[in-house]
Each structure stands twice: as C-alpha cells, then as structure tokens.
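A.B. asks: Give me a model of this one.
(one chain, ligands or ions: 1)
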Amino acid sequence: MILPIIAYGDPVLRKVADDIDAEYPNLKELISNMWDTMYNASGVGLAAPQIGLPIRLFLVDTTPFADDEDLTETEQKQLQGFKQVFINAHIEEETGTEWPFNEGCLSIPDVREDVTRKDTIKITYLDEHFKEHSKTFDGLLARVIQHEYDHIEGVLFTDKLSPLKRRMLKGRLTNSSKRKINVDYRMKFPASKIAR
Ligand SMILES: [Zn+2]
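C.D. replies: Down below sits the predicted model:
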C-alpha cells in the first residue's frame, strides 16, 4: 500500500526517532508499505519519519544509481541490487574525504542541492529479521545511507547548506510545506493536514 509522504515543515521530520523492538505492531506490513511508497515515488531511500512515524527505521535500494555512466564498474556493481532495511541504526564513525553530491529528498520535492559529506561510514543496525550487522560503506552507497540516517536524527539535507544558500531557498522551502509544488506521488502537507 502506498502511503502519503510527509512534506517539509511537519514536526515529525524534526524528531530524533526512537529505537523499536521486534514486537513493534505490524512491522512486516509497515516495511512492505514503505517499499511500495518509495518505489512509487522513484526514491532510492525512505525513512519512517517521512511517512509520519518517529522510529529508527529506513530503507535503501540504490539500484537506480547503478546505471550512472560516470561511475566505475566496481561502484556500479556495489549499487546494483543493494536493497536493505535498517532498524535501530547508529553510525559509529564517519571518515574519509568530504565530497559534494547533488541531493534531493522526497519530502522536499522541488529542491536539489550539492551537499558535502564524508566518504566512509561505519554503521550498526538490525535487518528486518532483527539480526545485528556492523558494516562499513563508502561512496554513493554511504551517501544514501547518510541521507536516510539523518532523517531518523531529525535532520534534513537542507540543514547542511550554507546560511546564504538556506536564505535563498527559504521561499521554495515554504512552498514545499504549503502544497505549492507539483509531485506525482501522494504527499501530506503540514499546512493542511490533508493528504492528496
Ligand atoms: Zn530525504
């Protein structure tokens, strides 16, 4: 089932999300709905706060990025078919060189900006079977995880821009929260609280 995506301006996007346990109600169905919602919006990641739940759960499928001809064959292989559920994730370490990448967000559909982040992360998380993992990711894969991880920390990519850039974007961000944007997926706007 496709769920409406919460638009910029809703306080749920600003909460530090809570850990969950295996007893979390209808978790399997929730994850399945989140995949449907993410693919329907052509996203490569979706975090639970974006569908209104302040819990530490996000999904990533970087397959669409694998077609990028600017990437090396190794990078393409790494991105192809990387599909993962992250529960109770915690980034232990961010290292390496900072590099810019043009990011977008399903909750802020009409804004895309270069964001600078470190190249490599070490992250611990549970998969959908509550099996624990501790892994290191780098490059574009780390980038997508960092963006989604920020969502469960109440952080949006626009927070990482310079104060000048943020001032310039203010009007567009306000529009993002007031349904003055054209998107081809369902969204829920804080100004109206009505899904469309
Ligand atoms: Zn996002």
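A.B. asks: Could you name the helices and strands sitting against the worst-scoring helix or strand of the chain on mean pLDDT?
C.D. replies: Ranking every helix and strand in the chain by mean pLDDT, DSSP states H and E puts helix 163-177 at the bottom, with a mean of 86. Applying 3 or more CB pairs under 8 Å, 6 or more residues apart in numbering; DSSP states H and E, we find helix 163-177 packed against strand 108-126. Every C-beta, even on glycine, is put in place using the N, C-alpha and C of the backbone.
A.B. asks: Where does the prediction get shaky in this protein?
C.D. replies: By pLDDT under 70, the low-scoring segments of the chain are 191-196.
A.B. asks: in it, which spans are strands?
C.D. replies: 5-6, 45-47, 57-61, 83-105, 108-126, 132-138, 187-188 (DSSP state E).
A.B. asks: Put together TSV for those, with mean neighbour count and distance to Q76 on each row.
C.D. replies: Below are those laid out as TSV (neighbours: other CB atoms under 10 Å; distance: least, CB to CB, whole Å):
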stretch	mean neighbour count	distance to Q76
strand 5-6	24	28
strand 45-47	26	18
strand 57-61	24	15
strand 83-105	15	15
strand 108-126	18	17
strand 132-138	13	14
strand 187-188	20	31
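A.B. asks: So for D67, which of the ones you listed sits nearest?
C.D. replies: Proximity to D67, assessed across the strands of the chain by CB to CB, is greatest for strand 57-61 (13.3 Å).
A.B. asks: and the residue nearest the centre of the chain, what does it touch?
C.D. replies: In the chain, the centroid-proximal residue (CA atoms, centre = their mean) is E148; its distance is 3.1 Å. The contact partners of E148, by CB atoms under 8 Å, 6 or more residues apart in numbering, come to 45-47, 58-60, 86.
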